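S.K.: sequence and predicted structure are below.
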Amino acid sequence: MADQSFVTLATNDSYVKGALVLGSSLQQHRTTRKLTALITPQVSDSMREVLEKVFDEVILVNILDSGDSAHLALMKRPELGVTLTKLHCWELTQFSKCVFMDADTMVLSNIDELFEREELSAAPDPGWPDCFNSGVFVYRPSIETYNQLLQFATEKGSFDDPIIGRCILGCRFKRPLTPAPRLWSYICADQGLLNTFFSSWATTDMNKHLPFIYNLSSTSVYSYLPAFKAFGANTKVVHFLGSRKPWNYTYDSKTKSIKGNMDDPKVVHPEFLNMWWDTYMTNILPLLEQHGIAKEATTGVNMAEVTEAVSHMSVSTPSPVLPTISSEERKERWEQGQADYMGMDSFDNIKKKLDSYLQ
């Protein structure tokens, strides 16, 4: 099927690791379709060479920034400001149909049947099932659609519109929030845009609703455990949602498992992380060794840097009388909508932090 392709995007060397595991998993399960990787200038030449060993095409694209870099920087998730770069996938008109997959997904079985679906087919988002999750979707490349999406992004924006954000957060805090921080923009940049553009997905054609097994969230934040126990064995694609990706964990090659507390609720499905690392160690590490970057790739992201980045998520200093929690746990609570609105995450504390950035 030379005119159909799986497509992914890597905006830096860390996400290249995810893309490599994704591509390898597709090959392992004998896909008959092409594999295409979009990369930005932040990807190093050496990692690009490794990508070319796995993917049929590696294409350099320019970054499409969401235009909200100030607020993304505030939330310490600036990498999401370039996720609109994903829109470049509609420019791949050498293909008649494609399946886009985020670089933090992994295939567990052959999914070539997705090419029987039409644009825009995707699985429901765990957080709001009337919206689709943009981590896996079927689409038809088209310059016309690409231009329409760019125009739509310029004119309409996304869910994180300041007025909507002010209403949502104002309701949470029981008072107006001015100026309106677009706090939702750290969660996603492309998903709101695509859901608004393809607004008929929720109601028009149920054939475009992919089963959840084609985009299963890997963490307890999004997984309903009884359902997972009943249907999880049928999973075809696992999606490592959240800021902590598989390559951020420490892997023990002797025990062939990730290190850490397996009772941690954020690691409810360690089998998926172990599968990711097994693919990485077996299929990807040898390629990296050939290019002289095995040491860097094996150690993965410097965990000190990760801890430092997460610590900046704090919007205020906790009161001494409040229980002490780690910055990572606090961040996870934010992502689950469980901020401490009456304590350290109160309106006054957030406003003080916002004012400091606006001065």
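M.R.: Structure received. Numbers count the residues shown, from 1 in each chain.

S.K.: domains in the protein, by residue range?
M.R.: 4-162+188-301, 318-359 (automatic domain parsing).

S.K.: weakest of these by average pLDDT?
M.R.: Note on the domains of the chain: lowest mean pLDDT is at domain 318-359, with a mean of 55.

S.K.: which residues in the stretch 101-250 of the chain form strands?
M.R.: 105-107, 121-125, 128-139, 216-217, 237-239 (DSSP state E, counting those that start in this stretch).

S.K.: and these: which comes nearest residue 278?
M.R.: For residue 278, the closest of the strands of the stretch 101-250 of the chain is strand 105-107, at 10.6 Å, according to CB to CB. All C-beta atoms are positioned from the backbone trio N, CA, C, and that covers glycine.

S.K.: what is the closest one packed up against?
M.R.: helix 13-28, strand 237-239, helix 270-279 (3 or more CB pairs under 8 Å, 6 or more residues apart in numbering; DSSP states H and E).

S.K.: try it again at 6 Å.
M.R.: helix 13-28, strand 237-239 (3 or more CB pairs under 6 Å, 6 or more residues apart in numbering; DSSP states H and E).

S.K.: neighbours of residue 88, how many?
M.R.: If you count neighbours by other CB atoms under 10 Å, residue 88 ends up with 19.

S.K.: correct me if wrong, but it is in a helix.
M.R.: Yes - judged by DSSP: H, G, I helix; E, B strand; the rest coil, residue 88 forms part of a helix.

S.K.: how about it, what does it touch?
M.R.: By CB atoms under 6 Å, 6 or more residues apart in numbering, the contact list for residue 88 reads 38, 61.

S.K.: try 8 Å this time
M.R.: Counting by CB atoms under 8 Å, 6 or more residues apart in numbering, residue 88 touches 9, 38, 61, 62, 64, 146.

S.K.: look up how far residue 132 lies from the fourth one.
M.R.: According to CB to CB, to the nearest Å, residue 62 stands 26 Å off from residue 132.

S.K.: on that earlier part again, nearest to residue 114, out of the helices and strands packed on strand 105-107?
M.R.: Of these, nearest to residue 114 by CB to CB is strand 237-239, at 9.2 Å.

S.K.: and the next element down the chain from that closest one?
M.R.: strand 251-252 (DSSP states H and E).

S.K.: so which of the contacts of residue 88 are in strands?
M.R.: With strands taken from DSSP state E, the overlap with the contacts of residue 88 comprises 9, 38.

S.K.: ranking the domains of the chain by burial, who's on top?
M.R.: Mean neighbour count (mean count of other CB atoms under 10 Å) peaks for domain 4-162+188-301 among the domains of the chain, with a mean of 18.

S.K.: isn't residue 241 right up against residue 125?
M.R.: No - Residue 241 is beyond contact range of residue 125, at 9.7 Å (criterion: CB atoms under 8 Å).

S.K.: my guess is residue 85 meets residue 41, correct?
M.R.: No - with contact defined as CB under 8 Å, residue 85 does not count as touching residue 41 (10.8 Å).

S.K.: any common contacting residues for the two?
M.R.: With CB under 8 Å, 6+ apart, residue 85 and residue 41 have common neighbours 62, 63.

S.K.: could I get the full set of helices for the chain?
M.R.: 13-28, 45-54, 69-74, 143-155, 162-173, 191-197, 225-231, 270-279, 285-290, 294-299, 303-311, 327-335, 347-358 (DSSP state H).

S.K.: and the second one, what does it pack onto?
M.R.: Here helix 45-54 is seen to pack against helix 13-28, strand 34-39, strand 57-60, helix 285-290 when contacts are counted using 3+ CB pairs under 8 Å, 6+ apart.

S.K.: save these as a markdown table, and put in distance to residue 139 too.
M.R.: Listed next are the helices and strands packed on helix 45-54 as a markdown table, based on distance: least, CB to CB, whole Å:
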| stretch | distance to residue 139 |
| --- | --- |
| helix 13-28 | 17 |
| strand 34-39 | 13 |
| strand 57-60 | 16 |
| helix 285-290 | 29 |
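
S.K.: the ones you listed: which one's closest to residue 141?
M.R.: strand 34-39 (10.3 Å).

S.K.: which outside residues touch the closest one?
M.R.: 1-2, 4-11, 16, 19, 23, 26-27, 48, 51, 54-61, 85-86, 88-89, 92, 95, 98.

S.K.: tell me the angle of it relative to helix 13-28?
M.R.: Interaxial angle, strand 34-39 versus helix 13-28 (axes from the mean of the first three to the mean of the last three CA atoms, to 10 degrees): 180 degrees.

S.K.: residue 7 touches residue 91, doesn't it?
M.R.: No - here residue 7 does not reach residue 91: they are 10.5 Å apart, not a contact under CB under 8 Å.
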